[in-house]
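Colleague: I would like the atomic coordinates for the input below:
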Amino acid sequence: MSNGPGIPRLGFDYIFPNPRYAMREGLLAYGGDLNPDRVLMAYRKGIFPWYNEGDPILWWSPDPRLLLYPNDFKISRSLRKKLRQKRFSVKLDRNFTSVMRHCAKMPRRGQAGSWILPEVIESYSALHQRGFAHSVEVYDEDEKLVGGLYGISTGRAFFGESMFTLVPDASKIALAHMVELARIWNFDFIDCQIPSDHLIRLGAVRVERDRFLDELEQTQTSLGMHGEWREHEYLLSEMEW
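Modeller: So this is what the prediction gives:
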């Protein structure tokens with residue numbers, strides 16, 4: 001890792017600079033690779049990769065951070081109605097890589113492409129196989145995947161990466177189930193990374209980076225919900241809206 005001026009470059013080891021000293025917008029370091037061990041280490045320290053195709057890997061820890069505390073989630077009347085109708089089925093960890101690929105295809109305002117590149121899918125899919133990356137999936141009556149989200153779980157935290165929807169509110173249905181799982185499992189928060197008006201309307205709040213990192217350290221003292229979440233699908237059918 002470079003000790004010179006500017007943004008440090010990562011080396012072969014998995015050591016990151018202290019995220020408390022990152023720039024306010026969050027850029028902390030560049031380079032390295034997406035070895036699953038490095039990526040997992042990053043999340044445990046409040047850091048995540050985010051970059052465009054053709055650029056070096058960029059590592060971020062923004063200030064402020066957007067967190068969703070499970071008890072603060074806001075369900076609109078219309079969403080609650082859809083949840084109670086149970087027109088869609090929700091499943092866990094059935095098609096993780098498909099969820100990532102759908103997320104990569106979703107158009108983003110102000111973005112020409114996606115940061116969910118093939119090497120990102122490969123790395124997170126490896127973490128999924130190791131029980132650290134998970135998906136919440138929404139299926140229609142024909143068992144077609146129509147929405148979902150994915151992210152990393154370590155300790156008592158879920159780090160949401162991206163959502164997609166092919167029909168109205170499918171991603172919100174996935175998020176509502178993820179929040180309820182977080183409540184059941186006593187997760188401290190769902191990390192939403194970058195502030196967005198959409199997630200703020202759903203109850204997420206801006207948190208200063210130092211506070212986030214303090215809370216993150218506490219979450220990592222627990223083993224959390226490591227392993228395949230598919231075996232916990234029975235919890236979804238017991239949820240009341």
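Colleague: break the protein down into its structural domains.
Modeller: For the chain, the domain assignment from automatic domain parsing gives the residue ranges 9-62, 66-237.
Colleague: okay, those in TSV with mean pLDDT and mean neighbour count next?
Modeller: To be clear about C-beta, it is placed using only N, CA and C from the backbone, and glycine gets the same treatment. Below are the domains of the chain laid out as TSV (pLDDT from 0 to 100; neighbours: other Cβ atoms under 10 Å):
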stretch	mean pLDDT	mean neighbour count
domain 9-62	96	17
domain 66-237	95	18
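Colleague: contacts for stretch 226-236 next, please.
Modeller: Stretch 226-236 is contacted by residues 90-94, 131-132, 134, 153-154, 177, 181, 184, 225 when judged by Cβ atoms under 8 Å, 6 or more residues apart in numbering.
Colleague: assign residue 154 to helix, strand or coil.
Modeller: Secondary structure for residue 154, judged by DSSP: H, G, I helix; E, B strand; the rest coil, is strand.
Colleague: who's in contact with it?
Modeller: Contact criterion Cβ under 8 Å, 6+ apart gives 40, 43, 44, 132, 219, 220, 224, 226 as the residues in contact with residue 154.
Colleague: bridging residues for it?
Modeller: Residue 154 has the following beta-bridge partners by DSSP bridges: residue 157.
Colleague: circling back to that earlier point, Throw the contacts of residue 154 into JSON lines and include secondary structure and distance to residue 104, thanks.
Modeller: What follows is the contacts of residue 154, written out as JSON lines (DSSP: H, G, I helix; E, B strand; the rest coil; distance: Cβ to Cβ, whole Å):
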{"residue": "40", "secondary structure": "helix", "distance to residue 104": "21"}
{"residue": "43", "secondary structure": "helix", "distance to residue 104": "19"}
{"residue": "44", "secondary structure": "helix", "distance to residue 104": "25"}
{"residue": "132", "secondary structure": "coil", "distance to residue 104": "20"}
{"residue": "219", "secondary structure": "helix", "distance to residue 104": "28"}
{"residue": "220", "secondary structure": "coil", "distance to residue 104": "29"}
{"residue": "224", "secondary structure": "strand", "distance to residue 104": "26"}
{"residue": "226", "secondary structure": "coil", "distance to residue 104": "26"}
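Colleague: of the residues you listed, which is the nearest to residue 53?
Modeller: Residue 53 lies nearest to residue 43 out of the contacts of residue 154, by Cβ to Cβ, at 22.0 Å.
Colleague: would you confirm that that closest one contacts residue 159?
Modeller: Yes - with contact taken as Cβ atoms under 8 Å, residue 43 and residue 159 are classed as touching, separated by 5.4 Å.
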